[in-house]
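In: Any chance you can model this:
(chains A and B)
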Amino acid sequence: MAGAGQIAANSPGLLHLQNHYSTFAVFHSAFSAAMLQVSVLREQTEAVLAGLAKKHYKTAEADVQAILALDLRRKELQTSHDQAQAEANKLARQIGDLMKAGSKAEADTLKLRTAELKQQTKAHAEELVDVEKEQQQLLYKLPNLPHSSVPQGRSADDNEVVREVGNKPTLAAGAKPHWELIEQYDIIDFALGNKIAGAGFPVYKGQGARLQRALINFFLDEARQAGYVEIQPPVLVNEASGYGTGQLPDKEGQMYHDAQDNLYLIPTAEVPITNLYRDEIVALEALPIRNAGYTPCFRREAGSWGAHVRGLNRLHQFDKVEIVQIAHPDHSYAQLEEMLSHIEGLLQKLELPYRVLRLCGGDMGFTSALTYDLEVWSAAQQRWLEVSSCSNFESYQANRLKLRYRPENGKTQLLHTLNGSALALPRIVAALLENNQQADGIALPAVLHSYCGFSKIG
RNA sequence: AGAGAGGUGGCAGAGUGGUCGAAUGCGACGGAUUCGAAAUCCGUUAUACCUGCAAGGGUAUCGGGGGUUCGAAUCCCCCCCUCUCUGCCA
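Out: Predicted structure coming up:
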């Protein structure tokens, strides 16, 4: 094919998203160069296989070998194709000169050769497309490699509790879960939402709506004070953006899709905000980039409805403030810690007991290299609720996004992308309601009083 | 939604079949000049892949895809997008 490495945005040609940053090497720790770079598969095969094993990826050995074999074939084809094309280009120039000189017969002789070359380049180009497509599909299957600090493990039970902060409140007898409290105070109405939209689309009313607005403002203000630029992105994105952050092609069933215009409702502000930097070469001085945005988030969550997802625990539409960073590869883990401490600060100001988990290989996301989950204690439900997930994707997303920087000298390199919820509202609301319930209402934490315009619900 | 115009390098903007990866201007970078700066002058200034220890060489890319041709930014077809006017509308 012509122009290996080009991206055909807005077209089915997205399969041609290339991963040819072969020189992005091993400057960092053995693990820190992320996936989807064939050079890493080739140069650090053992480490890659170990990482994939940690993520419980089944066919690692076979897939990696297949990708490497395809890469060899790809190079062969590229070389032969380029050589044939070079000769054809040279002949074309000669033919042009001959025509001008009036030597038509000689020109015709050369044309015979160009016809042959044309056959060759065409055959090579076609196979090249096939090979690249096949390699691409295998690469898309591979999850990101876990950071060395990621604990071994298969499920949520194996996650590492990094720390637990705050005291769990002791509720009076007869304490209610939030789905009863919201009815009692008439602040969130599932039945109404069901009537106008469907299950999982609650209607916030009165103090409930005002609390939502207060939390959004609080989170955005805190983010701005921490150095984040506030972004208001579209909540519908195109297909290329879905590929850029990795929601496509694997998880398309989790997004609402407008087939008429081929747009997707965002499952998180991560998608539009990170894609802002798709196909960009960012100046070193601009790093790290800190962006924050509030958006509603839409998740189909097909088939995931069950007993313990009552009330606000899981919704089709919810509100979230997301923080996104783009960092130099050498500094991305420092930035991850910065983000984590920002999020912890929010929870502390909200006076919610929380814990920080380092997710194990089996529980972390497909695209992540290291993920911290933050969970708040929901006193009436007597369980931890995940309110934030904060991850470093290293160059895994950047590779698809073609998000790079130019080093002092040398070729462009991939940047690292990170994001975290700061914070997702529904479970925060659930915990606030449950933990602060009193006989005569719900006492809100001091930090929210001025944002809400009231200090107590009820 | 209808009609028309247009998509070229960081930006602006030439270029209607070959010598065009692409004039020119601006910007940026390096150098000269200067005590320093402005101005001026000289030079450099895209991305990706293949090849090579390197220097270098090669290929591709002028919105995307396909076609015509020995040869396409330039001609033909399809698609996408933007702008203007009309319609509609928060």
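In: How about A:Glu239, nearest residue that isn't a chain neighbour?
Out: Excluding the flanking residues, the one nearest A:Glu239 by Cβ to Cβ, 6 or more residues apart in numbering is A:Asn262, at 5.9 Å. No exception for glycine: its C-beta is placed from N, CA and C like everyone else's.
In: Phi first, then psi, for the one you found.
Out: Phi and psi for A:Asn262, reported as degrees, to the nearest 10, are phi 50, psi 50.
In: Kindly report the same for the one 3 residues further on.
Out: The phi and psi values for A:Leu265, taken as degrees, to the nearest 10, are phi -70, psi 130.
In: ok, back up a step: what's the distance between the residue nearest to A:Glu239 and A:Glu116?
Out: Applying Cβ to Cβ, to the nearest Å, the value for A:Asn262 to A:Glu116 is 42 Å.
In: cool, and A:Ala226?
Out: Going from A:Ala226 to A:Glu116 by Cβ to Cβ gives 64 Å.
In: And these two? Which one has more around it.
Out: Taking neighbours as other Cβ atoms under 10 Å, A:Ala226 and A:Glu116 compare with A:Ala226 leading, 17 against 12.
In: how about whichever strand or helix holds A:Leu41: buried residues?
Out: Element membership for A:Leu41, per DSSP states H and E: helix A:38-43. Residues of helix A:38-43 classed as buried by neighbour count (16 or more other Cβ atoms under 10 Å): A:Val38, A:Ser39, A:Val40, A:Leu41.
In: next one: stretch A:80-91
Out: Neighbour counts over stretch A:80-91 (16+ other Cβ under 10 Å) mark A:Ser80, A:His81, A:Ala84, A:Gln85, A:Glu87, A:Ala88, A:Leu91 as buried.
In: next one: stretch A:384-402
Out: Within stretch A:384-402, the residues that count as buried by 16+ other Cβ under 10 Å are A:384-385, A:387-402.
In: Quick check: which ranges of chain A have low pLDDT?
Out: In the predicted model, chain A carries pLDDT under 70 at residues A:1-36, A:302-309.
In: So which other helices or strands are in contact with the top helix by length along it?
Out: For chain A, the helix with the greatest residue count under DSSP state H is helix A:60-101. Where contact means 3 or more Cβ pairs under 8 Å, 6 or more residues apart in numbering; DSSP states H and E, helix A:60-101 is packed against helix A:38-43, helix A:45-54, helix A:104-141.
In: what would the ones you listed look like in CSV with distance to A:Leu444?
Out: As requested, the helices and strands packed on helix A:60-101 are arranged in CSV below (distance: least, Cβ to Cβ, whole Å):
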stretch, distance to A:Leu444
helix A:38-43, 49
helix A:45-54, 42
helix A:104-141, 45
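In: Correct me if wrong, but A:Leu336 is in a strand.
Out: No: counting by DSSP: H, G, I helix; E, B strand; the rest coil, A:Leu336 is not part of a strand but helix.
In: Apart from its neighbours in sequence, what residue is nearest it?
Out: A:Asn392 (4.5 Å).
In: My guess is that neighbour contacts A:Tyr333. True?
Out: Yes: between A:Asn392 and A:Tyr333 there is a contact under Cβ atoms under 8 Å: 6.3 Å.
In: partner residues bridging the residue nearest to A:Val165 when sequence neighbours are not counted?
Out: Among residues not flanking A:Val165 along the chain, A:Tyr354 sits closest, at 5.7 Å (Cβ to Cβ, 6+ apart). When assigned by DSSP bridges, A:Tyr354 has beta-bridge partners A:Val165, A:Val376.
In: RNA strand B contacts on the stretch 151-300 of chain A?
Out: Counting by Cβ under 7 Å from any atom of the strand, the stretch 151-300 of chain A comes close to RNA strand B at A:Ile281.
In: Helices of the stretch 151-300 of chain A, residue ranges please.
Out: All helices of the stretch 151-300 of chain A, identified by DSSP state H, counting those that start in this stretch, fall at A:178-184, A:190-196, A:207-225, A:239-245, A:270-275.
In: Mind checking those for the one nearest to A:Thr412?
Out: A:Thr412 sits nearest to helix A:239-245 of all the helices of the stretch 151-300 of chain A, at 17.1 Å, using Cβ to Cβ.
In: Tell me the spacing between the spatially most central residue of chain A and RNA strand B.
Out: Centroid-nearest residue in chain A: A:Thr245, 4.4 Å away (criterion: Cα atoms, centre = their mean). Per Cβ to the nearest atom of the strand, to the nearest Å, A:Thr245 is found 20 Å from RNA strand B.
In: In this structure that residue contacts A:Leu403, no?
Out: No: assessed by Cβ under 8 Å, A:Thr245 is found out of contact with A:Leu403, at 10.6 Å.
In: Now for those two: what residues contact both?
Out: Counting by Cβ atoms under 8 Å, 6 or more residues apart in numbering, the residues touching both A:Thr245 and A:Leu403 are A:Gln397.
In: what sits against the residue nearest to the centre of chain A?
Out: Per Cβ under 8 Å, 6+ apart, neighbours of A:Thr245: A:Glu270, A:Val271, A:Thr274, A:Asn275, A:Thr367, A:Gln397, A:Arg400, A:Leu401.
In: can we see that at 7 Å?
Out: Counting by Cβ atoms under 7 Å, 6 or more residues apart in numbering, A:Thr245 touches A:Glu270, A:Val271, A:Thr274, A:Asn275, A:Gln397.
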